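In: Provided below are the primary sequence and the corresponding predicted coordinates.
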There are 2 protein chains.
Amino acid sequence: MVTSFFLFLNQKIRITLVMFIAFGTLASASPDAYAQGEKEQAVASVKVVATGYTAGVESTGKKPGHPQYGITYSGVKVHRGQVSTVAADTKLFPIGTLLYIPGYGYGVVADTGSAIKGHRIDLYFETVKEVYAEWGKKTVTVQVLRKGSGKLSQAWLNDINRAVEAGKPLPQAYIES
Amino acid sequence: MVTSFFLFLNQKIRITLVMFIAFGTLASASPDAYAQGEKEQAVASVKVVATGYTAGVESTGKKPGHPQYGITYSGVKVHRGQVSTVAADTKLFPIGTLLYIPGYGYGVVADTGSAIKGHRIDLYFETVKEVYAEWGKKTVTVQVLRKGSGKLSQAWLNDINRAVEAGKPLPQAYIES
């Protein structure tokens, strides 16, 4: 039915549809042109890998009470609001760069991080729970290999972990047992 | 060029391509059939929202030293290995259910959580940092609204946060300044 419908469309519409699919991903500006400073004031789109972080010890090594607790590399205090503080590689995004980050909001580059090199940014959240719930959420399709009985023993868990080799499928005996 | 190539293909290949695109997402088994227990031993695919968690106080409210620290609802100890312990809604996945989770690995349902209801699962990691780095990572295309000068003042950050209204675009003055 879908096929018939597609073939029913006239050639012009078919061409438009195909071009839309083919070129949809090429529409954003070149990150390299941006990095080279060719378009200093222009709006650009840059693809990055983004993680979340907090001011806490797990991210910064500083505990509350430390004189620099909650203070970014730029000197401003961490902030989560209409315009939040984020960390970036200042070679790509100098301090003060204003970004819009889909799924997070506006961010201003205020911080840096030892792991934040190149096309990587770190998004500030007030708590670890907020990082988990607001950034660390993924929709995945899981495969159910065996429906549980309602009970689980430590011995079985230890056994199956010993039986499985890294990167290999589970032995069939554990799926059927 | 892509268009000409597409039209150059014969009708049979075009039909195959279109059917592949149209029906590719319908291939997984029905989660409802699974939940109703119709296919107890069969492999099923179920779409869920997955987050990460640790045994720590931010996820469980228990600190090291608590008698139940690191002990799941099922009684087994939390484990990250070939087959890791995960939390689920036991109405969907009873304790002992064996899953394969893309991007995480094999998991056995051993735990529950107050926020883990319905099509939600929680994946165990040893540390908060591992949750951030191994699960809370997203590739996003950010928009650069203004390239920074290398400096940022607390006064400017406070001003822009006061000027922006929730859900509205940034005032142009802040982009050009």
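Out: That came through, no problem. Numbers count the residues shown, from 1 in each chain, chains lettered A, B, ... in the order given.
In: Every contact and neighbour count from this point should use C-alpha atoms.
Out: OK.
In: Could you list every helix and strand in contact with whatever helix or strand A:Tyr106 lives in?
Out: Using DSSP states H and E, A:Tyr106 maps to strand A:105-111. With contacts defined as 3 or more C-alpha pairs under 8 Å, 6 or more residues apart in numbering or on different chains; DSSP states H and E, the packing partners of strand A:105-111 are strand A:83-88, strand A:98-101.
In: would CSV of those with mean pLDDT and distance to A:Ser149 be doable?
Out: What follows is the helices and strands packed on strand A:105-111, written out as CSV (pLDDT from 0 to 100; distance: least, C-alpha to C-alpha, whole Å):
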stretch, mean pLDDT, distance to A:Ser149
strand A:83-88, 98, 46
strand A:98-101, 97, 44
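In: Using TSV, please lay out the ones you listed together with mean neighbour count and distance to B:Leu157.
Out: Formatted as TSV, the helices and strands packed on strand A:105-111 follow (neighbours: other C-alpha atoms under 10 Å in any protein chain shown; distance: least, C-alpha to C-alpha, whole Å):
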stretch	mean neighbour count	distance to B:Leu157
strand A:83-88	26	8
strand A:98-101	22	11
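In: Which of these sits closest to chain B?
Out: Nearest to chain B among those is strand A:98-101; the distance by C-alpha to the nearest C-alpha comes to 4.7 Å.
In: Show me what that closest one is packed against.
Out: Counting contacts by 3+ C-alpha pairs under 8 Å, 6+ apart, strand A:98-101 is packed against strand A:105-111, strand B:138-146.
In: For stretch A:143-156, buried residues please.
Out: Neighbour-count burial for stretch A:143-156, counted by 16 or more other C-alpha atoms under 10 Å in any protein chain shown, picks out A:143-148, A:152.
In: my bad, stretch A:102-116
Out: Using 16+ other C-alpha under 10 Å as the test for burial, stretch A:102-116 gives A:104-113, A:116.
In: Next: stretch A:124-131.
Out: Neighbour counts over stretch A:124-131 (16+ other C-alpha under 10 Å) mark A:124-125, A:128-129, A:131 as buried.
In: Straight-line length of it, end to end?
Out: Stretch A:124-131 has an end-to-end distance of 8 Å (criterion: C-alpha to C-alpha, to the nearest Å).
In: For the most centrally placed residue in chain A, pull up the helix or strand it's in.
Out: The centroid of chain A falls nearest to A:Ala50 when counting by C-alpha atoms, centre = their mean (4.2 Å). If you go by DSSP H and E, A:Ala50 is part of strand A:44-53.
In: is that strand anywhere near chain B?
Out: Yes. Residues of strand A:44-53 are located near chain B by C-alpha under 8 Å from any C-alpha of the partner chain, namely A:44-53.
In: Repeat that for stretch A:120-140.
Out: Yes. Interface with chain B: stretch A:120-140 contributes A:128-129, A:131-133, A:135-140 (C-alpha under 8 Å from any C-alpha).
In: possible to save those as a markdown table with pLDDT?
Out: Below are the residues of stretch A:120-140 next to chain B laid out as a markdown table (pLDDT from 0 to 100):
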| residue | pLDDT |
| --- | --- |
| A:Val128 | 96 |
| A:Lys129 | 94 |
| A:Val131 | 96 |
| A:Tyr132 | 96 |
| A:Ala133 | 94 |
| A:Trp135 | 96 |
| A:Gly136 | 95 |
| A:Lys137 | 93 |
| A:Lys138 | 95 |
| A:Thr139 | 96 |
| A:Val140 | 97 |
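In: Quick one: neighbours of A:Thr97, just the number.
Out: Neighbourhood size, A:Thr97 [other C-alpha atoms under 10 Å in any protein chain shown]: 24.
In: Leaving out sequence neighbours, find the closest residue to it.
Out: In space, and not counting its chain neighbours, A:Thr97 is closest to B:Gly148: 3.7 Å by C-alpha to C-alpha, 6 or more residues apart in numbering or on different chains.
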